[in-house]
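In: have a look at this prediction, sequence included:
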Amino acid sequence: MKNAVILGASGYTGAEAVRLITGHPKLRLTALTGHSRAGERYADIYPSTAHLDLPDVVTAGDVDWADVDVVFACLPHGASQDTIATIADKVDTVIDLSADFRLRDPDLYAKTYGRSHDHQGLLGTAVYGLTEFARHELRGAKLVACPGCYPTCSLLALLPGINAGLISTDNIIIDAKSGVTGAGRKALQSLAFSELSDGAHAYGVGTHRHAPEIDQILTRSSGKETMVSFTPHLIPMNRGMIATCYVTLTDGQSVDDLRAAYHAAYDDEPFVHIEAAGAAPQTRHIRASNHCRIGIFADRVPGRAIIISVIDNLTKGSSGQAVQNYNATQGWDETLGLHVQPIFP
Ligand SMILES: NC(=O)C1=CN([C@@H]2O[C@H](COP(=O)(O)OP(=O)(O)OC[C@H]3O[C@@H](n4cnc5c(N)ncnc54)[C@H](OP(=O)(O)O)[C@@H]3O)[C@@H](O)[C@H]2O)C=CC1
Ligand SMILES: CC(=O)N[C@@H](CCC(=O)OP(=O)(O)O)C(=O)O
């Protein structure tokens with residue numbers, strides 16, 4: 001057994017990490033941290049866990065780091081890099097769910113996140129953990145930067161086509177929608193039921209911080225400087241996310257070629273599935289699971305295709321992928337702890 005600590009266990013991704021890790025056969029939770037909720041019983045924060053024997057919530061400063069093997073950091077960006085810098089040499093592995101170690105260029109990080117990156121030595125050691133495309137680097141990694149939820153959903157939809165040279169890097173358009181848990185558990189007027197329960201809106205139009213993250217990976221994969229058009233929306237849904245990607249096929253390529261490339265990339269993957277031709281993926285088919293479903297369509301505009309991807313933002317989009325990444329660092333079966341089936345309906 002490995003001893004695991006969850007930083008930010010009082011938040012939504014932290015709670016999802018608790019749900020998954022308590023079902024993991026090789027992980028034992030030894031500490032849970034919070035910020036404003038430190039000092040509380042975990043069951044008072046999440047009553048659904050009352051039947052579990054979980055540690056009380058403490059601050060990161062109160063954790064006894066002796067014998068801790070792995071830390072799942074479910075903290076806001078900024079707080080995450082500062083906290084990880086104080087513990088990285090005390091534990092074997094840090095799996096960071098925040099944005100702090102995703103962007104390779106510290107200047108781009110500062111521009112995107114409005115603060116400096118103060119731990120650039122650590123930044124240089126981080127592996128970008130989009131598991132399906134990072135296995136070799138993940139094995140033995142000490143610090144893993146889990147991708148953002150929108151980048152996970154979008155990149156799973158785009159990378160097989162980009163890697164096979166079937167999709168042009170020009171004019172990629174990503175239209176994405178997220179459930180409200182994507183914004184975390186904080187109490188904000190803009191996240192109130194009365195503000196959100198019966199409407200939808202775009203946000204971060206032309207400016208969202210996940211666009212440079214997607215650009216970075218597509219540029220690295222294609223070898224061509226790539227910039228995507230990316231617009232996220234908030235929709236009245238609790239958990240789940242959908243990314244509809246409009247792409248141009250490279251000369252002479254067809255949607256059948258595209259489908260063949262996606263099957264080649266994903267048919268052996270435990271968590272990524274291609275829909276039958278003509279079928280569109282639905283968020284309710286992956287709800288509360290680590291699965292991603294992808295639909296591939298010809299556009300009515302000749303030479304263009306539409307690729308649609310769905311994930312659960314709290315599972316494949318954050319804590320599920322985090323557990324999958326830890327399994328990969330250890331060389332374990334990647335599905336350990338992740339046999340949670342989609343909740344339906
Ligand atoms: N929600 C999602 O779908 C996804 C989130 N992420 C990323 O995961 C991270 C966590 O997100 P999420 O769980 O949604 O957020 P929440 O707001 O739900 O939880 C944040 C957690 O961090 C703690 N915290 C807040 N401020 C500080 C601080 N200054 N120092 C230390 N701890 C602090 C909170 O403690 P307390 O509640 O006790 O105050 C809470 O435990 C973020 O970086 C987010 O961007 C990534 C992918 C998807
Ligand atoms: C609905 C909603 O607000 N979603 C969040 C994304 C959550 C996420 O993945 O953010 P990180 O990059 O910080 O990990 C947002 O758009 O900022």
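Out: Arrived safely. Residues are numbered from 1 along each chain as shown. Ligands and ions are numbered 1, 2, ... in the order given.

In: let me see the confidence value for the closest residue to ligand 1 within the stretch 1-150 of the chain.
Out: Residue nearest to ligand 1 within the stretch 1-150 of the chain: G11 (1.9 Å; Cβ to the nearest ligand atom). All C-beta atoms are positioned from the backbone trio N, CA, C, and that covers glycine. Note for G11: predicted pLDDT of 98.

In: run through the residues that contact it.
Out: C74, L75, G184, R185 (Cβ atoms under 8 Å, 6 or more residues apart in numbering).

In: residues contacting the residue of the stretch 151-300 of the chain found nearest ligand 1?
Out: Here the stretch 151-300 of the chain gets closest to ligand 1 at one residue, G184, 2.9 Å apart by Cβ to the nearest ligand atom. G184 makes contacts with G11, Y12, T13, P76, as judged by Cβ under 8 Å, 6+ apart.

In: and the second one, what is it in contact with?
Out: Translated: Y12. T181, G184, R185, L314.

In: does the strand or helix carrying Q321 come close to ligand 2?
Out: Following DSSP states H and E, one finds Q321 within helix 320-330. No: Helix 320-330 stays clear of ligand 2 (Cβ under 6 Å from any ligand atom), getting no nearer than 10.8 Å.

In: contact partners of stretch 324-338?
Out: With contact meaning Cβ under 8 Å, 6+ apart, stretch 324-338 is reached by 2, 20-21, 23-27, 70, 72, 93, 95, 129, 131, 134-135, 138-141, 144, 146, 270-271, 290, 320, 323.

In: so which of these sit within helices?
Out: Counting by DSSP state H, the part of these found in helices is L20, I21, R135, L138, G320, V323.

In: and which of the residues you listed is nearest to D257?
Out: Relative to D257, the closest of the ones in helices among the contacts of stretch 324-338 is R135; by Cβ to Cβ it sits at 25.0 Å.

In: what's the closest non-adjacent residue to the closest one?
Out: A328 (5.7 Å; Cβ to Cβ, 6 or more residues apart in numbering).

In: highest neighbour count among the contacts of G11?
Out: Using other Cβ atoms under 10 Å as the neighbour test, the contacts of G11 are led by C74, with 29 neighbours.

In: that one and T13: what is the separation?
Out: 4 Å (Cβ to Cβ, to the nearest Å).

In: just the buried ones from the contacts of stretch 324-338?
Out: Buried residues within the contacts of stretch 324-338, counting neighbours by 16 or more other Cβ atoms under 10 Å: 2, 20-21, 24, 26-27, 70, 72, 93, 95, 129, 131, 134, 138, 141, 144, 146, 271, 290, 320, 323.

In: quick one, phi psi at the residue of the stretch 1-150 of the chain closest to ligand 1?
Out: Dihedral angles of G11 (phi, psi; degrees, to the nearest 10) stand at phi -90, psi -180.

In: coming back round to it: any shared contact partners between C74 and T13?
Out: L97, S318, S319.

In: identify the residues contacting the first one.
Out: Applying Cβ under 8 Å, 6+ apart, we find L97 in contact with T13, F72, A73, C74, L75, S80, C146, S318, S319, A322.

In: how about the residue in the chain positioned nearest to ligand 2, nearest residue that isn't a chain neighbour?
Out: Ligand 2 sits closest to G182 of the chain, with a gap of 3.0 Å, by Cβ to the nearest ligand atom. Spatial nearest neighbour of G182, excluding adjacent residues (Cβ to Cβ, 6+ apart): N313 at 4.6 Å.

In: okay, and the one you found sits in which element?
Out: Counting by DSSP H and E, there is no helix or strand that carries N313.

In: any idea how far C146 is from it?
Out: Note on N313: its distance to C146, by Cβ to Cβ, is 12 Å.

In: and A260, by the same measure?
Out: In terms of Cβ to Cβ, A260 sits 30 Å off from C146.

In: can you pull out the strands in this protein?
Out: Taking DSSP state E as the criterion, the chain contains strands spanning 2-7, 27-33, 57-58, 70-73, 93-96, 127-128, 143-145, 173-178, 201-202, 229-234, 241-248, 272-274, 292-298, 304-311.

In: out of these, deepest packed?
Out: strand 70-73 (a mean of 28; mean count of other Cβ atoms under 10 Å).

In: strands paired with it, and their directions?
Out: strand 2-7 (parallel), strand 93-96 (parallel) (DSSP bridges).

In: I'd like these as CSV, with mean pLDDT and distance to ligand 1 appended.
Out: Shown next, in CSV, are the strands paired with strand 70-73 (pLDDT from 0 to 100; distance: least, Cβ to the nearest ligand atom, whole Å):
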stretch, mean pLDDT, distance to ligand 1
strand 2-7, 98, 7
strand 93-96, 98, 8
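
In: looking at those, spot the one closest to P212.
Out: strand 93-96 (17.5 Å).

In: roughly how far is that closest one from the heart of the chain?
Out: 14 Å (Cα atoms, centre = their mean, to the nearest Å).

In: who's in contact with that strand?
Out: Under Cβ under 8 Å, 6+ apart, the answer for strand 93-96 is 69-73, 80, 84, 87-88, 126, 129, 141-146, 322, 325-326, 329.

In: check stretch 222-237 too.
Out: 150, 154, 162, 169, 171-180, 182-183, 196-206, 208, 210-211, 214-215, 218-219, 283.

In: weed out the non-buried ones from those.
Out: Using 16+ other Cβ under 10 Å, the buried ones in these are 150, 154, 162, 169, 172, 174-180, 182-183, 196, 208, 210-211, 214-215, 218-219, 283.
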